[in-house]
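J.: Structure, please.
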Amino acid sequence: MPDPAASVEAVFREERGRLLAALTHRFGDLDLAEEVASEAVEAAVVHWPVDGVTDRPGAWLLTTARRRAV
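T.: Next up is the predicted model:
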């Protein structure tokens, strides 16, 4: 079974640019985008070991980050 923390790190490394671009575009604030992206990663570290990594982890991170920004 893969390490969930390693999965989160790999997904974030791959999706980071798109995630920050989408959040910055939506909210017009890079600092906010970075903050909520970090919070989404923290949430993934908590939830993914329990629930498993979703089929669309980038979308999960984006949705979680958007919700935290609001």
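J.: any idea how far the nearest residue to V45 once chain neighbours are set aside lies from R66?
T.: Using C-beta to C-beta, 6 or more residues apart in numbering and skipping residues adjacent in sequence, the residue nearest V45 is V8, 5.4 Å away. Backbone N, C-alpha and C define where each C-beta goes, glycine included. Distance, V8 to R66, by C-beta to C-beta, to the nearest Å: 18 Å.
J.: quick one: contacts for the residue nearest to V45?
T.: V41, A44, V45, W48 (C-beta atoms under 8 Å, 6 or more residues apart in numbering).
J.: Next, give me the two most distant ones among those residues.
T.: Using C-beta to C-beta, these span at most 10.2 Å, a distance reached by V41 and W48.
J.: need the next SSE after the lengthiest helix in the chain, C-terminal direction.
T.: Longest helix in the chain by number of residues (criterion: DSSP state H): helix 4-27. With elements assigned by DSSP states H and E, the helix or strand that comes after helix 4-27 is helix 30-51.
J.: Kindly export the helix or strand that that following helix is followed by (C-alpha atoms) in CSV.
T.: Once helix 30-51 ends, the next helix or strand along the chain (criterion: DSSP H and E) is helix 57-69. C-alpha atoms of helix 57-69 as CSV (Å, rounded to 0.1, in the frame of the first residue of the first chain):
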residue,chain,number,x,y,z
PRO,A,57,-6.8,14.3,-6.6
GLY,A,58,-6.1,17.6,-8.3
ALA,A,59,-9.9,18.4,-8.4
TRP,A,60,-10.2,17.3,-4.8
LEU,A,61,-7.4,19.7,-3.8
LEU,A,62,-8.9,22.6,-5.8
THR,A,63,-12.4,22.1,-4.4
THR,A,64,-11.1,21.9,-0.9
ALA,A,65,-9.0,25.0,-1.4
ARG,A,66,-11.9,27.0,-2.9
ARG,A,67,-14.1,26.0,0.1
ARG,A,68,-11.5,27.2,2.5
ALA,A,69,-11.0,30.5,0.7
